[in-house]
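1. I would like the atomic coordinates for the input below:
(one chain, ligands or ions: 1)
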Amino acid sequence: MAETAGRTAGGKAPVNFPADATEVVRRLTLEEKAALCVGKDYWTLRGVPRFGLPSLWLADGPHGLRKQPRSDNVSLAGNVPATCFPTAAALAATWDRELVRAVGRAIGVEARRHGVSVVLGPGVNIKRSPLCGRNFEYFSEDPLLAGELAAAFIDGLQSAGVGACVKHFAVNNQETRRFTIDAVVDERALREIYLFAFELAVKKAKPWLVMAAYNRVNGTYCTEHRRLLTDILRNEWGFDGVVVSDWGAVADRAAALAAGLDLEMPGTGPENVRDIVEAVRSGRLDEAAVDRAACRVVALLQKAAAAAGALAGLDGDYVKAHHALARRAAAEAAVLLKNDGPILPLAPGATIAVIGAMAKRPRYQGAGSSVITPTQLDNAYDALVARVGPARVVYAPGYDLAADVPGRERGPKPRLLSEARAAARQADVAVVFAGLPALYETEGLDRTSLSLPRSHDALIEAVAEVNPNVIVVLCNGAPVAMPWLDRVPAVLEAYLGGQAGGSAVWDVLFGDVNPCGKLAETFPLRLEDHPAHRFFPGGPRTVEYRESIYVGYRYYDTAEKEVLFPFGHGLSYTTFRYDNLRLSAAEIRVGEPLRVTVSVTNTGPRAGKEIVQLYVRDVAPRTFRPVHELKDFAKVALEPGEAKDVTFTLDRRAFAFWDTAAGGWRVEPGEFEIRIGASSRDIRLTATVRVVAESETVELEREPDQREAGHQREAGQAPGGGEDRSATAAPPEYLHPKDYAAFSAGAFAAVYGRPLPPNEPGRRGGYTLHTPLGDMRESWAARLFLWVASRAARFVLKDDPDSPMRRRMGEVLAQMPVRSLVMGGAAGLNRTMQEGLVDIFNGHTLRGLRKLVSGALRRR
Ligand code: BGC
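-> Numbers count the residues shown, from 1 in each chain. This is a model prediction of the structure:
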């Protein structure tokens, strides 16, 4: 067996470990192999000490390192200090692969410094609805943009010898009932929208891990989804790393291993390991599945140990440099939504009223498992005073952050409004900081409206009454409504900008940085306009993805709906001209690359950066397709008067759609329009290419094991032998979404290809380990348990009294099934005890009590 020199995770004593994971696993006992498939505790894995393989530490990200001081710690507070970078929603607005790569690398360096081998990120789930409580942690509504940026992040992180863990695989697009909800999604939406970002990330950047999500997809838990975890992820995309469960996501350990899940996290005691051993001994689980999983975990341990050895010495003093990088990223992420006049950039000598408590207590990161303890924290007020001196700044809080609680808003306070008006009257310009307080958007809960707290809206209106020069700076992780938009000349979307966001805002407002961010998501005019509005968040059992592929701009642009701000929108202090669009050919064969070149000129007075977007439109599709889709993008820096050529190369996939019946990516020969735009609604230039096939056969791209079946179908044969009508059969709602108010159940069932599953609540007597606690209201014992559990969980999170997760713990826990209680800190409650609880909630009290006792004894 080959021996390779490595180092321990702490980077100290060199050890020898076997390079060949299969050989290691061959020498392990069943118990040892099973132990590798389950975490040791909350954050670490077991190593293989007798082969000198050290354990390793996984820690949250993805916007910085969230490492708890102890590996069995469930808390959200007290993390080691780390640089808090802008959240993914903000980073996405940079559309800058290099910058995102640099952020990934910096996080990797910090992880290395703290002995962490894997950072749990990036999150690449699609923003299906603007209301998902975790949108701040995801990149975009567009899978190409999300996948490209995720790949860049992974590349950067892994270049520092730290593994990335892409999450949450897959179709995890809401927080409501996230532990149990069944996402009912048709195959085209799955492939073209929800899996595509993962596919890009996996194929381009080869992450060390992929995290299987909590929810179900089309009836099966992601952690047990053989088709997702093995057929698609491994066999089609070639993923060779470890699939880890989201924390507490495993419903059935044996089924999960058999389906392709390698590692269950967190580890909660000896019972998890015993379950696996017993499943093998009883014949329920093939030992080969355990071998495969153990082998991948050993390979991960080897990779981590080798990286720790190879990259020792990376860790200089990074704190200042990383803060500067966080500031640059925040400035590049800010999106100038509106600038009438133009009122911005600010005049150097202006007096400024800073209004809004968020200027002093910044909202700079999202709430939940991604919460970072920053190395330092800039606030906008201090940053401004440091820049221009106190004499030119007045401040008023405008609203009371503590008073705004979703569902219990107290509204504007007259005294705070009149103070704000008085401050605004004294100054040349009023910069109002408004946004979503952490309680409004947090992991674990979705938003129920697009609105800012009423106190923030009222403040903006009040200030606009007394000073025409109002600049609104928004601090939020997802789109909001702006009822006051017509009354203010300027709006800067600063997102959740990380620990340096407070300084970066002024870099942009004063023009040191010319704004260059563009929206990676559509800001709708009204919630009712949103295609998923009536089908989000669904429940109690299923959520139907009725809009299919019409997500974000794909819907708005196809249905020609007015929006507040379109996908890709963002202003600059300079102007750009687009001209001279050239295609490498007027006609290409299917699969032949097409080169697209366009010239962009900075026609204004300042240096600036422009994000050039390339959309493709199938001119006469035979099936339903969005009016256009983003297929590439580039960010160009231009001095005043400078012109540059931007060249894109489009491959076969840029023209393809997923053909469900045939099981592959189909390109329909015909005309395609190449659209170059400054946003999805600001197309500057177009050109047409004809795509031809050599014969009338359909071009399919599929993996070798599917080819056989596919070839039969190329002659027009459906799998059952009938005619292949997949490319033409589509209900009118999908062919012409503009003419319909919504997608009906019948039409969706046709697109889905089978009857829609029932969506009934569980009833007492039929409660299971998977029934959310809040759904067991018929049982007084369950109600009492929920009450006690909320209090207990609040106690566990006592170190962080203001944490939104803690303050809204009752709502969070109500969505949790008994089997996931480990997430609330109830690690001691093993599976037998959990079953006992469910028996009690179903009214079988004695049987339940017996199980509770026997479960407790099993723990020994
Ligand atoms: C989240 C993951 C996170 C994990 C560990 C889960 O609840 O969904 O994103 O990495 O907890 O904190």
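2. CA atoms for contacts and neighbours, from now on please.
-> Will do.
3. just how off-centre is the strand or helix carrying Leu614 within its chain?
-> If you go by DSSP states H and E, Leu614 is part of strand 608-618. Offset of strand 608-618 from its chain centre (CA atoms, centre = their mean, to the nearest Å): 23 Å.
4. Give me the contacts around it.
-> Residues from elsewhere that reach strand 608-618 (CA atoms under 8 Å, 6 or more residues apart in numbering): 95, 514-516, 518, 568, 572-574, 576, 602, 625-640, 654-655, 670-680.
5. and the stretch 1-150 of the chain, which residues reach the ligand?
-> Proximity of the stretch 1-150 of the chain to the ligand, by CA under 6 Å from any ligand atom, involves residues 60, 120.
6. Show me the shaky parts of the stretch 1-150 of the chain.
-> Scanning the stretch 1-150 of the chain with the threshold set as pLDDT under 70 gives 1-19.
7. Okay, strands next: where are they in it?
-> Under the criterion DSSP state E, counting those that start in this stretch, the stretch 1-150 of the chain contains strands at 3-7, 14-18, 58-60, 118-120.
8. which neighbours does the strand holding Leu614 have in its sheet, and in what orientation?
-> Sheet pairing for strand 608-618, assigned by DSSP bridges, gives strand 629-638 (antiparallel), strand 670-679 (antiparallel).
9. By proximity to the ligand, which residue of the stretch 301-450 of the chain wins?
-> Going by CA to the nearest ligand atom, the ligand is nearest to Ser369 of the stretch 301-450 of the chain, at 4.7 Å.
10. Provide the secondary structure category for that residue.
-> Three-state call for Ser369 (DSSP: H, G, I helix; E, B strand; the rest coil): coil.
11. Now do the SS call for Arg421.
-> Counting by three-state DSSP, the backbone at Arg421 sits in helix.
12. in terms of contact, does Ala359 touch Ala380 like I think?
-> Yes: with contacts counted by CA atoms under 8 Å, Ala359 reaches Ala380, the gap being 5.0 Å.
13. Mind checking which of the two has more residues around it?
-> Between Ala359 and Ala380, Ala359 has the larger neighbour count (other CA atoms under 10 Å), namely 26 against 23.
14. who's in contact with that one?
-> 379-381, 433, 502.
15. Just send those back as JSON lines, with secondary structure, pLDDT and distance to Ser71 too.
-> As requested, those are arranged in JSON lines below (DSSP: H, G, I helix; E, B strand; the rest coil; pLDDT from 0 to 100; distance: CA to CA, whole Å):
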{"residue": "Asn379", "secondary structure": "coil", "pLDDT": "98", "distance to Ser71": "32"}
{"residue": "Ala380", "secondary structure": "helix", "pLDDT": "98", "distance to Ser71": "35"}
{"residue": "Tyr381", "secondary structure": "helix", "pLDDT": "98", "distance to Ser71": "37"}
{"residue": "Phe433", "secondary structure": "strand", "pLDDT": "98", "distance to Ser71": "38"}
{"residue": "Gly502", "secondary structure": "helix", "pLDDT": "98", "distance to Ser71": "32"}
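16. Compare those and tell me which is most surrounded.
-> Of those, with other CA under 10 Å as the count, Gly502 tops at 29 neighbours.
17. Give the buried residues for stretch 649-657.
-> Using 16 or more other CA atoms under 10 Å as the test for burial, stretch 649-657 gives 650, 652-657.
18. Can you classify Arg425 by secondary structure?
-> Assigned by three-state DSSP, the conformation of Arg425 is helix.
19. how about it, what does it touch?
-> Contacts of Arg425 (CA under 8 Å, 6+ apart): 466-467.
20. Low-confidence regions, this protein specifically.
-> Applying pLDDT under 70 to the chain flags the ranges 1-19, 309-316, 694-729, 822-827, 860.
21. center of it, which residue is that?
-> Geometric centre of the chain, nearest residue: Tyr138, 2.5 Å, by CA atoms, centre = their mean.
22. Identify the residues contacting it.
-> Tyr138 sits next to 88-89, 122-127, 146 when contact means CA under 8 Å, 6+ apart.
23. what bridges to the nearest residue to Asp632 once chain neighbours are set aside?
-> Nearest residue to Asp632, sequence neighbours excluded (CA to CA, 6 or more residues apart in numbering): Leu614, at 5.2 Å. With DSSP bridges as the criterion, Leu614 is bridged to Asp632, Ile676.
24. how far away is Leu614 from the ligand?
-> Note on Leu614: its distance to the ligand, by CA to the nearest ligand atom, to the nearest Å, is 32 Å.
25. Can you tell me who Ala183 pairs with across the strands?
-> Judged by DSSP bridges, the bridge partners of Ala183 are Val217, Val543.
26. Equivalent analysis for Asp645, please.
-> Assessed by DSSP bridges, Asp645 has beta-bridge partners Ser599.
27. Thought Val600 was touching it, still the case?
-> Yes: when contacts are counted by CA under 8 Å, Asp645 is listed as touching Val600 (6.3 Å).
28. These two - which one has more neighbours?
-> For Asp645 versus Val600, neighbours defined as other CA under 10 Å are more numerous around Val600 (22 against 14).
29. Who are the contact partners of that one?
-> By CA under 8 Å, 6+ apart, the contact list for Val600 reads 576-579, 643-646.
30. Pick the one among those residues closest to the ligand.
-> Nearest to the ligand among these: Val646, at 36.7 Å, using CA to the nearest ligand atom.
31. what's near enough to touch Ala35?
-> Residues in contact with Ala35 (CA under 8 Å, 6+ apart) are 46, 273.
32. That should have said Leu257, apologies.
-> 224, 289-290, 293.
33. nearest to Glu441, of these?
-> Nearest to Glu441 out of the contacts of Leu257 is Glu224 (CA to CA; 29.4 Å).
34. Remind me which helix or strand the closest residue to that closest one other than its chain neighbours belongs to.
-> Nearest non-adjacent residue to Glu224, counting by CA to CA, 6+ apart: Ala256, 4.3 Å away. Assigned by DSSP H and E, Ala256 falls within helix 253-259.
35. Go ahead and name everything in contact with the helix or strand following that helix.
-> The element immediately downstream of helix 253-259 (helix or strand, assigned by DSSP H and E) is helix 270-281. Contact with helix 270-281 is made by 30-31, 34-35, 37-38, 253-254, 285-287, 830, 858-859, as judged by CA under 8 Å, 6+ apart.
36. Just the buried ones among those residues, please.
-> Judged by 16+ other CA under 10 Å, buried ones among the contacts of helix 270-281: 30, 34-35, 37-38, 253-254, 285, 287, 830.
37. Name the nearest of the residues you listed relative to the ligand.
-> Val38 (14.5 Å).
38. List phi and psi for Ala559.
-> Phi and psi for Ala559, reported as degrees, to the nearest 10, are phi -80, psi 0.
39. What segments of the stretch 101-250 of the chain are helices?
-> Ranges of helices within the stretch 101-250 of the chain are 143-159, 187-189, 196-205, 226, based on DSSP state H, counting those that start in this stretch.
40. now swap in the stretch 651-800 of the chain and tell me
-> Using DSSP H, counting those that start in this stretch, helices in the stretch 651-800 of the chain cover 704-714, 732-735, 745-752, 780-796.
41. What parts of the chain come near the ligand?
-> Proximity of the chain to the ligand, by CA under 6 Å from any ligand atom, involves residues 60, 120, 246-247, 369.
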